[in-house]
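>>> the sequence and its predicted three-dimensional model are supplied below.
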Amino acid sequence: VFLDKQEYGKDKVRLLKVHKDTKVHRVDDLTIRCLLSGSAFTTSYTEASNKRVVATDSIKNTCYVLAKSSKVVDTLELFAGELANHFLNTYDWVEGAHVTIIRHRWARMIIDGKPHNHSFWRDGEETRQTDLFVKRGPNGLRTVVALKSAIAGLLVLKTTGSSFEDFVRDEYTTLAETKDRILSTCVDATWEFHVPAVKTEHFASHLAQIPFNNIYDSVRDVTCKTFAEDESASVQATLYKMATQSIQNWKWLDRVSYALPNKHFFAVDLSYFRGTKNLQEHADVYQPLADPSGLITATVARA
Ligand SMILES: O=c1[nH]c(=O)c2nn[nH]c2[nH]1
């Protein structure tokens with residue numbers, strides 16, 4: 001046998017940063033994963049040697065120490081960059097740092113019509129995420145092997161503006177064509193950045209040039225706007241419009257992917273009850289079906 005690949009570190013590091021620079025507090029609620037890799041760690045697997053092992057507990061501590069001084073905790077990609085850069089700068093035997101950060105939502109409470117200074121509520125389980133893998137390149141270069149960000153778990157529904165017809169009809173088909181149906185999905189969107197290898201000393205400033213927060217807001221807005229306004233002929237067709245729009249909007253994006261479960265709502269046939277019409281254009285009573293669900297996925301790449 002041989003050690004094919006390895007990464008180790010701390011997962012599920014929960015961290016809340018409260019910004020108290022003014023009386024209007026802001027919060028960043030994060031779940032962080034930091035994984036280290038490199039040939040120096042091989043013997044920790046193969047020869048039970050811990051000489052080069054940075055304890056996962058120390059990795060966890062590092063997340064809190066850096067969050068204390070960081071000015072970019074609210075920009076996931078930049079904070080991930082700070083963490084990755086720290087491990088590569090501090091331990092010269094570390095060859096790769098792989099940082100994933102999930103940001104949980106807290107919406108500011110509106111009390112008596114006014115935004116409250118320091119009270120929040122969880123407006124959905126949707127999260128913003130980023131996944132950064134940086135390697136130590138030759139002669140002091142930082143090579144961003146991958147930087148991708150995501151929206152996970154954005155649950156949406158529209159009550160019309162969606163059809164599905166003209167699909168294959170054969171001996172396996174029972175689904176009726178429909179010109180007007182409910183469309184609901186739980187959006188997982190991922191966008192991949194193009195980041196060229198840069199000199200270590202320029203790594204942080206190079207990342208800082210990318211408008212990460214604007215891109216996140218824009219991808220979320222485009223996703224919702226396209227979902228709402230498209231006269232959807234299928235999940236596939238609407239997905240393609242969403243992804244294409246964001247590729248066109250942001251030159252830093254190489255690829256945009258969506259995974260859209262089709263969360264079905266079927267009109268209930270009530271004809272047994274006194275001939276009640278509730279199908280097709282008469283439908284307004286539906287049965288949500290948790291499973292099975294369709295799953296429509298695609299990646300749109302820059303030509
Ligand atoms: O939008 C849809 N795409 C599909 O491929 C499909 N199959 N059944 N219903 C569907 N709806």
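Okay, I see it. This is a predicted model, so every value here is computed, not measured.

>>> for residue 205, give its distance to residue 78.
11 Å (Cβ to Cβ, to the nearest Å). Placement of C-beta: from N, CA and C, glycine included.

>>> those two - which one has more neighbours?
residue 78 (21 against 9; other Cβ atoms under 10 Å).

>>> in a helix, that one, correct?
Yes: using DSSP: H, G, I helix; E, B strand; the rest coil, the secondary structure at residue 78 is a helix.

>>> identify the residue spatially nearest to it, adjacent ones excluded.
Using Cβ to Cβ, 6 or more residues apart in numbering and skipping residues adjacent in sequence, the residue nearest residue 78 is residue 72, 3.8 Å away.

>>> the one you found: what's it in contact with?
Shown in contact with residue 72 (Cβ atoms under 8 Å, 6 or more residues apart in numbering): 78-79, 82, 208.

>>> can you check residue 250 too?
By Cβ under 8 Å, 6+ apart, residue 250 lies in contact with 191, 215, 218.

>>> of those, which belong to helices?
Under the assignment DSSP state H, the contacts of residue 250 contribute 215, 218 to helices.

>>> quick one: which of the contacts of residue 250 has the most company?
residue 191 leads the contacts of residue 250 on contacts (other Cβ under 10 Å) with 24 neighbours.

>>> give me the pLDDT value at residue 202.
Confidence at residue 202, expressed as pLDDT, is 85.

>>> distance from the chain centre to the helix or strand harbouring it, please.
Element membership for residue 202 (DSSP states H and E) is helix 200-208. The gap between where helix 200-208 is centred and where its chain is centred comes out at 23 Å by Cα atoms, centre = their mean, to the nearest Å.

>>> tell me which residues in that helix are buried?
The neighbour-count check on helix 200-208 (16 or more other Cβ atoms under 10 Å) flags 203, 206-207 as buried.

>>> also stretch 287-303?
Neighbour-count burial for stretch 287-303 [16+ other Cβ under 10 Å]: 296, 300.

>>> what of stretch 163-180?
Residues 163-164, 178 are the ones in stretch 163-180 that count as buried (16+ other Cβ under 10 Å).

>>> least confident pick among the residues you listed?
residue 178 (94).

>>> show me what contacts that residue?
163-165, 280.

>>> among these, which lie within strands?
Within the contacts of residue 178, no residue falls in strands by DSSP state E.

>>> could you dump those residues into a markdown table and include distance to residue 142?
Formatted as a markdown table, these follow (distance: Cβ to Cβ, whole Å):
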| residue | distance to residue 142 |
| --- | --- |
| 163 | 49 |
| 164 | 47 |
| 165 | 51 |
| 280 | 58 |
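
>>> for the residues you listed, which one is nearest the ligand?
The ligand has its nearest neighbour among the contacts of residue 178 in residue 164, at 4.4 Å by Cβ to the nearest ligand atom.

>>> give me the neighbour count for residue 103.
Counted with other Cβ under 10 Å, residues neighbouring residue 103 total 20.

>>> please name the bridge partners of it.
residue 30, residue 128 (DSSP bridges).

>>> okay but it is in contact with residue 28, surely?
Yes: contact criterion Cβ atoms under 8 Å: residue 103 and residue 28 qualify, at 6.7 Å.

>>> output the contacts of residue 178 as a markdown table; include the columns distance to the ligand.
Converted to a markdown table, the contacts of residue 178 look like this (distance: Cβ to the nearest ligand atom, whole Å):
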| residue | distance to the ligand |
| --- | --- |
| 163 | 9 |
| 164 | 4 |
| 165 | 10 |
| 280 | 16 |
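
>>> now the two most distant members of those residues.
164 and 280 (12.6 Å; Cβ to Cβ).

>>> can you list contacts of the helix holding residue 202?
Helix 200-208 has contacts (Cβ under 8 Å, 6+ apart) with 72, 77-78, 81-82, 85, 88-89, 134, 140-142, 195, 198.
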